[in-house]
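Chemist: need coordinates for the below:
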Amino acid sequence: MASTASVLKRVLLGRPFRSDRLGRTLLPKRIALPVFASDPLSSVAYATQEILLILTLGGLTYLYLAPWIAGAVVVLLSVVVLSYRQVVRAYPSGGGSYEVASENLGPVAGLIVAAALLVDYVMTVAVSVAAGVDNIISAFPDLNAHRVALCLGFIVLLTAMNLRGIRESGRAFAAPTYAFVAGVLVMMVIGLSRALLGDPPVAESAQYQIHAEQVGLNSLAVAFLVLRAFSSGCTALTGVEAISNGVPAFRKPKALNAARTMVAMGAISITMFTGVTALALVSHTRVTENTCDLIGFAGDCATDPQRTVIAQIAAAVFGSESILFFYMQATTALILILAANTAYNGFPLLSSILAQHRYLPRQLHTRGDRLAYSNGIIVLAVIAGTLIYAFDGSATRLIQLYIVGVFTSFTFCQAGMVRHWNRELAGAPTPVDRRRIYRARGINAFGACFTGIVLVVVMVTKFTHGAFLVVIAIPVLCLLMHGIHRHYAAVRAELESDGDDEETLPSRVHAVVLVSGWHKATNRAIKFARATRPDTLVALTVNVDDADTRQLHRDWDSHEVSIPLTVIESPYRDITRPVVDYVKRLRRTSPRDVVAVYIPEYVVGRWWENLLHNQSSLRLKGRLLFEPGVMVTSVPWQLHSTGRRDLTHIEHSPGEVRRGITGTDSPP
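Modeler: Model prediction:
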């Protein structure tokens with residue numbers, strides 16, 4: 001009979017996949033777009049809002065700058081999309097920015113990019129889920145008190161869906177993504193058409209005045225405000241690089257399909273961002289960081305939330321109680337929450353590559369039962385959930401930690417691509433090839449300069465608003481990965497055979513059977529130890545209770561056991577230390593001998609029975625394994641409860657499918 005845990009796992013995650021089914025998980029372009037591009041597509045739901053939030057710090061005076069700032073964001077997005085299109089074609093293996101930086105700028109640059117991307121993926125999950133919940137609360141304000149619980153619940157749901165496998169999660173996420181895109185395009189057509197016909201939509205906040213937090217700004221302060229608004233608007237670029245990291249997940253021809261998906265993503269994102277920004281300005285949408293700065297706000301500004309910008313636009317265009325309004329809120333919330341799927345695909349894949357290069361624990365390189373990188377998915381969910389809890393699920397607070405990692409990876413990647421094209425140019429055989437390389441290098445060089453400038457702007461304008469945490473986290477993560485790599489390198493060097501290894505056999509083998517009482521498990525351990533034909537064989541017991549020890553002597557004599565029983569005293573009733581000291585004495589007496597310790601253990605069929613047995617043996621093994629020249633062997637005795645287990649049902653641990661280990665219950 002299958003255990004409750006295995007049944008629950010099968011229901012939630014599905015049946016395991018064989019390794020030869022990996023090809024069936026590859027994505028066509030129509031599925032790859034929502035899987036890898038849901039983050040940049042969904043960012044139009046809050047990118048415009050972030051621009052307005054910063055400009056309204058100076059009141060309504062500076063809102064005229066919004067179109068210019070939005071235009072700069074569009075130019076930047078176009079440059080980044082074109083730049084990463086070159087990356088997809090040049091590096092189709094899926095390493096993305098990390099591979100480009102490592103190969104062209106060196107391992108240190110690669111680690112910086114990897115750390116920045118890992119931080120960015122975590123922030124993508126936290127911000128996307130928090131922003132999605134914001135839009136749910138815009139439609140149902142009473143849910144505001146349950147903000148954190150809703151965020152954590154959605155993270156659990158996303159984790160379970162991704163653990164089922166990339167193709168299935170892609171199918172689940174495709175419909176909401178396309179529904180959101182269709183809703184925004186319809187809203188744009190209706191809203192802008194009304195504006196052209198002289199009946200522009202009017203937001204519910206259009207009549208609000210704003211109490212300016214910053215007044216009397218000089219030219220330098222205005223410039224800083226504009227730069228800060230621009231850096232906040234750059235959230236529209238988050239997730240653009242995810243396609244370059246996920247090229248291996250595309251169907252063949254992988255690079256071509258990924259490049260086309262990248263262009264489609266860029267075109268759709270630019271169209272929607274431009275339309276939403278235009279509608280926000282046409283409808284005179286007002287939004288502030290502090291609700292109490294809205295003069296005329298209906299409700300308690302201390303507790304009642306503002307509606308998001310896209311919610312106000314939808315209400316103005318469709319009507320606040322219309323079906324289309326709730327449709328827009330539902331699809332916006334869905335795509336924002338599902339936009340975290342970009343990170344759920346990017347983080348585990350990048351972690352797997354880093355683990356393969358020995359910069360992260362090897363467990364992150366392993367695929368699980370459903371051919372997804374299960375360990376990476378779980379790690380991402382735990383860290384993102386912790387951030388959500390720490391920041392009370394506030395998208396406004398979390399978004400301040402965003403962007404720094406994004407533009408760090410952008411800048412290093414584009415600089416690395418310039419060096420890549422320089423090498424390619426040296427070996428270009430024809431003028432046509434050289435012209436192609438010159439064009440590609442020019443695109444990446446411009447991208448490197450542009451994103452580098454934006455990175456400086458973002459760090460300066462957001463540093464005191466929370467970005468300093470990311471600035472600290474990236475080098476700390478780099479040092480951690482460097483330490484892991486150094487550990488793996490040291491272990492490999494230590495284990496590497498140099499031809500001078502000691503090949504002589506040990507002089508003798510001393511077998512020690514640990515005994516707590518006379519029973520079947522002890523008898524089996526003695527017989528097994530005797531079958532190995534050691535040079536010496538003794539049974540060893542620790543005298544913790546005199547009555548038990550005397551009974552053991554009587555049992556030993558009555559069964560006429562032929563090997564000697566050695567009793568060691570333990571005045572403090574400790575078992576582990578006396579046994580370890582005894583084994584150490586044997587080793588000191590004959591350093592070239594091997595001591596083989598046999599420990600009888602019970603095999604139980606129920607998880608809770610493990611708590612009642614084998615605890616002493618676990619502690620002993622934990623100590624003895626650190627002793628050189630000591631071999632520890634467990635001798636199992638199966639209790640009756642093991643007969644309740646279905647031995648024909650094979651539980652696959654993560655990675656067994658990848659290594660080709662399958663069972664009779666595995667699907668064909």
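Chemist: please make it C-alpha for all contacts and neighbour counts, starting now.
Modeler: Noted.
Chemist: can you check the pLDDT for residue 667?
Modeler: pLDDT for residue 667: 39.
Chemist: and residue 516, how many neighbours does it have?
Modeler: Neighbours of residue 516 under the rule other C-alpha atoms under 10 Å: 17.
Chemist: try residue 183
Modeler: Around residue 183 there are 19 residues (other C-alpha under 10 Å).
Chemist: excluding its backbone neighbours, what's nearest it?
Modeler: residue 328 (6.1 Å; C-alpha to C-alpha, 6 or more residues apart in numbering).
Chemist: also residue 259?
Modeler: Nearest one to residue 259, counting by C-alpha to C-alpha, 6+ apart, is residue 85 at 5.4 Å.
Chemist: go on, residue 548?
Modeler: Counting by C-alpha to C-alpha, 6+ apart, the residue nearest residue 548 is residue 517, at 7.9 Å.
Chemist: can you tell me the SS state at the one you found?
Modeler: Counting by DSSP: H, G, I helix; E, B strand; the rest coil, the backbone at residue 517 sits in coil.
Chemist: pretty sure it contacts residue 553?
Modeler: No. With contact defined as C-alpha atoms under 8 Å, residue 517 does not count as touching residue 553 (9.3 Å).
Chemist: the two: which is more packed in?
Modeler: Neighbours were counted for residue 517 and for residue 553 using other C-alpha under 10 Å; residue 517 has more, 17 against 14.
Chemist: so what's the more buried one scoring on pLDDT?
Modeler: Residue-level pLDDT assigned to residue 517 equals 85.
Chemist: so where do the strands sit in the stretch 201-350 of the chain?
Modeler: For the stretch 201-350 of the chain, applying DSSP state E, counting those that start in this stretch gives strands covering 209-210, 294-295.
Chemist: check which helix or strand covers the residue positioned nearest the centre of the chain.
Modeler: In the chain, the centroid-proximal residue (C-alpha atoms, centre = their mean) is residue 380; its distance is 2.9 Å. Counting by DSSP states H and E, the element that carries residue 380 is helix 374-390.
Chemist: can you check residue 429 too?
Modeler: Per DSSP H and E, there is no helix or strand for residue 429.
Chemist: quick check: phi and psi at it.
Modeler: Main-chain torsions, residue 429, degrees, to the nearest 10: phi -80, psi -30.
Chemist: what about it, distance to residue 91?
Modeler: 20 Å (C-alpha to C-alpha, to the nearest Å).
Chemist: who has more neighbours, these two?
Modeler: residue 91 (18 against 10).
Chemist: hmm, the more buried one is touching residue 101, no?
Modeler: No. Counting by C-alpha under 8 Å, residue 91 does not reach residue 101; the two are 11.2 Å apart.
Chemist: per-residue pLDDT of residue 657, please?
Modeler: 39.
Chemist: can you confirm residue 571 is in a helix?
Modeler: No. Counting by three-state DSSP, residue 571 is not part of a helix but coil.
Chemist: what sits against it?
Modeler: By C-alpha atoms under 8 Å, 6 or more residues apart in numbering, the residues touching residue 571 are residue 544.
Chemist: again with the one 5 residues further on
Modeler: Listed by C-alpha under 8 Å, 6+ apart, the contact set of residue 576 reads 616, 619, 620, 623.
Chemist: the same query, at a cut-off of 10 Å, please.
Modeler: Neighbouring residues of residue 576 by C-alpha atoms under 10 Å, 6 or more residues apart in numbering: 542, 570, 616, 617, 618, 619, 620, 621, 622, 623, 624.
Chemist: distance check, residue 573 against residue 116.
Modeler: 53 Å.
Chemist: ok, those two, which is more surrounded?
Modeler: It is residue 116, of residue 573 and residue 116, that has more neighbours when counted by other C-alpha under 10 Å, with 27 against 13.
Chemist: so that one touches residue 404, yeah?
Modeler: Yes. Using C-alpha atoms under 10 Å, residue 116 is in contact with residue 404, at 7.8 Å.
Chemist: what touches both of the two?
Modeler: 410, 470, 471, 474.
Chemist: now, which of these lie within helices?
Modeler: Using DSSP state H, 410, 470, 471, 474 are the members of the shared contacts of residue 116 and residue 404 that sit in helices.
Chemist: low-scoring pLDDT stretches of the stretch 51-200 of the chain, where are they?
Modeler: Low-confidence segments of the stretch 51-200 of the chain (pLDDT under 70): 94-95, 165-173.
Chemist: show me the helices in it, by range?
Modeler: Ranges of helices in the stretch 51-200 of the chain, per DSSP state H, counting those that start in this stretch, are 66-90, 96-105, 107-139, 147-163, 166-196.
Chemist: lowest-pLDDT helix or strand in this structure?
Modeler: The helix or strand of the chain with the poorest confidence is helix 4-13; it has a mean of 49 (mean pLDDT, DSSP states H and E).
Chemist: pull out the buried residues from the helix or strand that comes right after that helix.
Modeler: Going down the chain from helix 4-13, the next helix or strand is helix 29-42, by DSSP H and E. Neighbour-count burial for helix 29-42, counted by 16 or more other C-alpha atoms under 10 Å, picks out 29, 31-42.
Chemist: then stretch 138-155?
Modeler: 138, 139, 144, 147, 148, 150, 151, 152, 154, 155.
Chemist: for residue 250, name its beta-bridge partners.
Modeler: Bridge pairing for residue 250 (DSSP bridges) gives the partners residue 27.
Chemist: so what's it up against?
Modeler: Contacts of residue 250 (C-alpha under 10 Å, 6+ apart): 23, 25-29, 31-32, 243, 256-258, 261.
Chemist: quick check: pLDDT value at the residue lying farthest from the centre of the chain.
Modeler: Ranking residues of the chain by C-alpha distance from their mean position (C-alpha atoms, centre = their mean) puts residue 558 at the top, at 61.8 Å. Looking at residue 558, its pLDDT stands at 90.
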